[in-house]
Each structure stands twice: as structure tokens, then as C-alpha cells.
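Undergrad: no letters, just coordinates:
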């Protein structure tokens, strides 16, 4: 190294400076923004019915004791989640309505920007008391991943069908008001080692990946055993 | 034969450098925009404590981009090849242990990652690909002098000994 420097110091400096520039550039342009965007914000605005102690999940029947506690980690863009919703969605809705289970939804956003927008919109819908309905509607209208279909105006239009006519709601979606909440949900999911979606826990134990995700009967069995 | 190699070597080196650098750059670039997914991919190997895996998931894509860019430019070729080779070595171990333990994951090398259905794993292809890339890195460590690189010209470089 020393010998090289003596031979032609200027050129070595150029390489060194270039390396420093590339490293700094990537750190500043990519790493720092990523780290900042992934920072949890404990003061984040949260939609109604979000429970901070339940990993920022959207919790239904929070007050119920002695019923199974179903936790669902999902990404609105994930096709497997759409399948799961198709198989057990109505049953879970039924459990909520008949107060036979406590249910927490955790909308993850690992598939990309449109998952983030969808999760935020679901939070906005929760404020209008329409989370479950919106949830269902999202899966029915699931486009291919990050195709550009899911935008603010798409969600507000979609919600007209649910009878949501509120300026606050439109603003909530357009301003991405629950952005920090969505980050918090993702971070809590990461801490809990959620490595695929959907991931479902009943009373803290993951259901059988080979059975209960694909069959309503198996899922009902898992709930009744809990 | 040997003369031919001496003449061809910098050109072979160029192709090798661009291939290894290009693969690393693309791999990093495809992951850098989806940090949640990248963290998930690292966690899925079940090798590291969750918090460490989450941190590595954030850091790894930019690191791949840096190594990739510098290899493409041909700056510090030998050092970057060593780093690239080291990451390949680590990836091979990680994939092999996942395979041996019967985990069902995608390597997440180019985005994606996390759990997949049993029978959808591609461990052998992934290991063979990374092994090939590790050999490319080894070549560059042995012959770091390549065409169109930022690094010093052959006659000034100490590594010229290796070629001659």
C-alpha cells in the first residue's frame, strides 16, 4: 500500500475518495432514511379500537374474558391472505358479532407502498366503525402487487359502497394520517418474528400451518379447542 | 497458452467483476425499498436473535449496493471481491443450515424471502448460484487487475506479480 502511494499518490487518493463518496452516498441516501422510516413512534396517532398493548393491533371485543383470542397478521396485498379471508373471514366476523372471540387484526405492510396505503385506509375506516367491512372489501378488490391500483382516491371511492361519506375520512386517507401507526404495527410484528402472512395465533399459539389456514373445519376445530 | 491467458486475463476479470458487482448491486437494489420484507427474510433463517436479524435486514441491502457499485467501477477490486466472496460464503452457510434443518423458506436473495410452502424451496439452485459467485470473487482476489477499472494500472500495481 505504502509503495503504491509513493508511486502515484494522486491516483490512490482518487480511489480512496471515490470509495468514501460511494459509502457515504449509500448510507445517506438509503440507509439513514430507511432507519428513520422504521423508527417506532410511541406518540403515533392510532385509529379507534387499536390496542397498544396488543402490538398496536385493531382489537374487537377487547373487554371479553374467557374467550379465545385470535390474532391475525396480514398484508392486504398478499394473495394467501386473500385466500385465508375467503375461507375463514366470515366465520371470524361471526365470532366477533356474537362475542365468542376477541380478535386482533395486524395490517402489515411488508409487500410495499400500496400495502402501507391500504393499512392506513383500514385505520381510517375503523374510525368510521367500518373496519371489518372495509377489510373484506379490500380483499375482494385485491389487485396484483403494487400495480398502482390502490391509491387514496381508489380507497375513498371504494368506501362509498360502505356508506362512508365523511370529509374526515377522505382527509385521513389522503394525508396518510396513520402512517406512524402502520410503522408501529410492522415493528411489533417484526419483534414477534412474523415471517409470513397470514400468520394467525389463537391464545398466543400459532395455528397449524399445514391445516388450519386452508380449511374452515380445521380452523373451527382450532378455535373450539382453545 | 500462458501468454494468451496473460493477455486475456484483464478482460476475463472485467466480465467477472461486472457479473459479481452487477448481481450484488441488483440484489441490494431490489431489497432496499422494502425493509420490512428484508427483515423478514433474515429472520426466517432462524439463525440470529430477532433484534439482530431485524438490524441485519436493514443493513444488508445497502452493503450489497456499495460492494456492487465499487466492483462495477473497479475500485478496490480485491477488497470488494473479498467482501463479496465473504457474503456469498455466509449466504451459503445460512441456506445450507436452513435446508438441513428442514425450514421452508425462500433465500430472499433478490427480494421476496420468508416462509414458503413445503416443496417450493429452491435450496440447491440457491447454493449453486452463490457458490458460482463465490468462485468469481475468488478469481478477482487472485487476479484483481481488470480492464476499465478505477484501480491503478497493472504496471504500478503490486498485484501484477500474480498475473506474470
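TA: Nice, I can see it. On a predicted model such as this, the values are computed, not experimentally measured, just so you know.
Undergrad: give the contact list for residue A:117.
TA: A:150-152, A:155, A:173, A:176 (CB atoms under 8 Å, 6 or more residues apart in numbering or on different chains). C-beta coordinates here come from the backbone N, C-alpha and C atoms, glycine included.
Undergrad: now with 6 Å, please.
TA: With contact set as CB atoms under 6 Å, 6 or more residues apart in numbering or on different chains, residue A:117 has these partners: residue A:150.
Undergrad: report the distance from the helix or strand hosting it to the chain centre.
TA: In the assignment (DSSP states H and E), residue A:117 maps to helix A:113-127. Here the centre of helix A:113-127 is set off from its chain's centre by 9 Å, with CA atoms, centre = their mean, to the nearest Å.
Undergrad: quick one: list the elements packing against the helix or strand just after it.
TA: Following helix A:113-127 in sequence order, the next helix or strand is helix A:131-140 (DSSP H and E). Packing partners of helix A:131-140 (3 or more CB pairs under 6 Å, 6 or more residues apart in numbering or on different chains; DSSP states H and E): helix A:79-97, helix A:113-127.
Undergrad: please identify the buried residues of the longest one?
TA: Buried positions in helix A:79-97, judged by neighbour count with 16 or more other CB atoms under 10 Å in any protein chain shown: A:81-82, A:84-85, A:87-89, A:92-93, A:95-96.
Undergrad: state the mean pLDDT of the helix holding residue A:117.
TA: Averaging pLDDT along helix A:113-127 gives 96.
Undergrad: pull the residues that contact stretch A:46-61.
TA: Contact partners of stretch A:46-61, identified using CB under 6 Å, 6+ apart, comprise A:96, A:99, A:102-106, A:123, A:126-127, A:131, A:178, A:181, A:184-185, A:188.
Undergrad: and the closest residue to residue B:117 other than its chain neighbours, what's its pLDDT?
TA: Leaving out its chain neighbours, the residue that sits closest to residue B:117 by CB to CB, 6 or more residues apart in numbering or on different chains is residue B:104, at 6.7 Å. As predicted, residue B:104 sits at a pLDDT of 91.
Undergrad: how about the contacts made by residue B:104?
TA: By CB under 6 Å, 6+ apart, the neighbours of residue B:104 are B:115-116, B:118, B:121.
Undergrad: closest one of those to chain A?
TA: Using CB to the nearest CB, residue B:115 comes nearest to chain A of the contacts of residue B:104, at 3.8 Å.
Undergrad: give me the neighbour count for the residue nearest to residue A:94 when sequence neighbours are not counted.
TA: Spatial nearest neighbour of residue A:94, chain neighbours left out: residue A:100 (7.9 Å); criterion: CB to CB, 6+ apart. The tally of other residues near residue A:100 (other CB atoms under 10 Å in any protein chain shown) stands at 15.
Undergrad: surely residue A:100 is in a strand?
TA: No. Going by DSSP: H, G, I helix; E, B strand; the rest coil, the assignment for residue A:100 is coil, not a strand.
Undergrad: tell me how far it lies from chain B.
TA: Distance of residue A:100 to chain B, computed by CB to the nearest CB, to the nearest Å: 29 Å.
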